[in-house]
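Peer 1: The sequence and its predicted three-dimensional model are supplied below.
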There are 2 protein chains.
Amino acid sequence: VSSPALNTAVRFPTLAVVGVGLIGGSIASATRQRGIADRVIGIGRSRERLADAVRAGVIDALAADANESQAAAAEADLVIVCTPVDRIADDVLALAPALRAGSLITDAGSTKGAICRTVQCGLTGSIPFVGSHPLAGSEKGGWEHADASLFEGRVCVVTPLDDTPPEVLERVSAFWRALGMRVRHMSPDDHDRALAVTSHLPHLAAAALASLLTNGEAELAASGFRDTTRVAAGDPDLWTAIFLQNTEPVLDQASLLIEQLREFQRAIRQGDAGRIRQLLEEGREGRQRLDEAP
Amino acid sequence: VSSPALNTAVRFPTLAVVGVGLIGGSIASATRQRGIADRVIGIGRSRERLADAVRAGVIDALAADANESQAAAAEADLVIVCTPVDRIADDVLALAPALRAGSLITDAGSTKGAICRTVQCGLTGSIPFVGSHPLAGSEKGGWEHADASLFEGRVCVVTPLDDTPPEVLERVSAFWRALGMRVRHMSPDDHDRALAVTSHLPHLAAAALASLLTNGEAELAASGFRDTTRVAAGDPDLWTAIFLQNTEPVLDQASLLIEQLREFQRAIRQGDAGRIRQLLEEGREGRQRLDEAP
């Protein structure tokens, strides 16, 4: 985990955060706590919610309409778009033209391919954007749950395209490192294929599992069910957008999961203890890969 | 949560625990801490492991062969069989004949139908046995992880058959209540059908999910994957036995899970946002039933 003292070189005095929810609010808190930003402007749709966030000290100022948002982007050294994945590309394309020369824009979306391609197609000249995905979050939404330590020690994937200027990639990566994150570079499509396995499929499986629980059985669910289905409490709108932005990898992984469940069924039906044990060992080994990951 | 003071009427001065692992060790610790038992004899196969448990203060005495086990059962006011589910019925049938009149025997297995039927068939006269399933545990095994508070506030299912003597049911239920548990009575088959949903299927799904993770992706797994697959770290031998003892309900539930995953696939393939959202809402509602359960 990086300490703030190591990152004093990374400074974005004015930061604009588009979408002040759990992630946007946590970025706002973390950047000021670590001295990366002096001032954070929250850009959003609900003036009332943003004003509450200002009063709560999560952000310093707000922008709630198109004019105010353009002005905030013009003031910002870095803009981070933290809206739902189906709105990110539009938000980037709306704000990027307002940036001063040398300012940067990135996002925090859980999918990258569709977003990065749409932004690339929509911008001309030197592109001040590179996509990001900080792997941190919670099933709880809203800036009320903002947590300045949310990013410490976690991984952030930054996803350059061929024409991403190296200095944009480097400075955005430095920003996430300054929040205490370990940064990995990968293509948007590689990111989406990996996240289909590590995040999108588990969400889908958790939702499918949780939907099988009836009222009468709920009392008999111990910690195993609770953990296995925790993410199913997440916002259905956010996750609908994620599944629709990462269609093919999610469909492929769901097919692999169904096939593995069928292998279990075959082995159980045949009373094949050796094969059941082998399938469970494969699961345990997958789980060990997780625990051994850096 | 019951306090020890409320349970002073429930006394089993000498307790024998067969299988001194996480559950058996935790029962040993909890009963002495709460003054339910004065002395706990651990019955098992490995004299060395049991001797270690005595030295660690988890149990007071040990029995590691057939003669010692019979003597321990003859001394005990209550015997609790905490071995893997495929050994429980044999262990009960081996020890029940040695019990003194008025002493009781129960188990702590995660499946109930096969165990209770086998025990019922194997015993004659007044049966001192009723099946139990304390819903508490961890993916960590061994008495080294024993925890006297493991059972507090959790549910224990006690599963009488038609010919279970009422006083056996009542006294075994009182024992679990004295450990701070909420006791529910249900038939062995109803228990097994419910647990297929709340425990066995989540384990199977977690193992199937975890097995899809490759080395390269492990670093990109955030807390969602970690929680969803936590139980996949469990002991493959224990879980193989559970699946083989609860075959039909597990196969039925696995089919329902596969069907729900296919519904997701159809909706994602068709780009049907409304249907995806609906399926995710069903998951969220199932999850809410869990959080609202007493």
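Peer 2: That came through fine.
Peer 1: Tell me which stretches of the stretch 151-294 of chain A form strands.
Peer 2: A:155-159, A:182-185 (DSSP state E, counting those that start in this stretch).
Peer 1: Show me what the longest one is packed against.
Peer 2: If I follow you right, that is strand A:155-159. Here strand A:155-159 touches strand A:131-134, helix A:166-178, strand A:182-185, helix A:188-195, going by 3 or more C-beta pairs under 8 Å, 6 or more residues apart in numbering or on different chains; DSSP states H and E. For the C-beta atoms, the positions are set from N, CA and C on the backbone; glycine is no exception.
Peer 1: does any part of the first one sit near chain B?
Peer 2: Translated: strand A:131-134. No: remark: strand A:131-134 sits outside contact range of chain B, by C-beta under 8 Å from any C-beta of the partner chain, the gap being at least 9.0 Å.
Peer 1: Give the pairing partners of that strand; include direction for each.
Peer 2: strand A:155-159 (antiparallel) (DSSP bridges).
Peer 1: All the helices of chain A, in order from the start?
Peer 2: A:22-33, A:47-55, A:66-75, A:85-95, A:113-122, A:166-178, A:188-195, A:201-211, A:215-218, A:223-228, A:236-245, A:247-269, A:273-292 (DSSP state H).
Peer 1: Name the residues of the shortest one that come out as buried.
Peer 2: Put plainly, it is helix A:215-218. A:217-218 (16 or more other C-beta atoms under 10 Å in any protein chain shown).
Peer 1: Tell me the helices and strands packed up against that helix.
Peer 2: With contacts taken as 3+ C-beta pairs under 8 Å, 6+ apart, helix A:215-218 sits against helix B:273-292.
Peer 1: Just the CA coordinates for the lowest-mean-pLDDT helix or strand in chain A, please, in CSV.
Peer 2: Ranking every helix and strand in chain A by mean pLDDT, DSSP states H and E puts helix A:215-218 at the bottom, with a mean of 86. Extracted in CSV, the C-alpha atoms of helix A:215-218 (Å, rounded to 0.1, in the frame of the first residue of the first chain):
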residue,chain,number,x,y,z
ASN,A,215,-39.6,-17.2,2.6
GLY,A,216,-39.8,-20.5,4.5
GLU,A,217,-36.2,-21.4,3.8
ALA,A,218,-34.6,-18.0,4.5
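Peer 1: now what about it, what contacts it?
Peer 2: B:194, B:197-198, B:289-290, B:292-293 (C-beta atoms under 8 Å, 6 or more residues apart in numbering or on different chains).
Peer 1: switch to 7 Å and redo it
Peer 2: B:194, B:197-198, B:289-290, B:293 (C-beta atoms under 7 Å, 6 or more residues apart in numbering or on different chains).
Peer 1: so which of these also contact chain A?
Peer 2: For chain A, the contacts drawn from the contacts of helix A:215-218 by C-beta under 7 Å from any C-beta of the partner chain are B:194, B:197-198, B:289-290, B:293.
Peer 1: just to revisit the earlier point, drop anything exposed from the contacts of helix A:215-218.
Peer 2: By 16+ other C-beta under 10 Å, the contacts of helix A:215-218 give B:194, B:197-198, B:289-290 as buried.
Peer 1: Show me which of the helices and strands packed on strand A:155-159 has the highest average neighbour count.
Peer 2: Of all those, strand A:131-134 carries the top mean neighbour count, a mean of 27, counting by mean count of other C-beta atoms under 10 Å in any protein chain shown.
Peer 1: Just give me how far it sits from the chain centre.
Peer 2: 6 Å (C-alpha atoms, centre = their mean, to the nearest Å).
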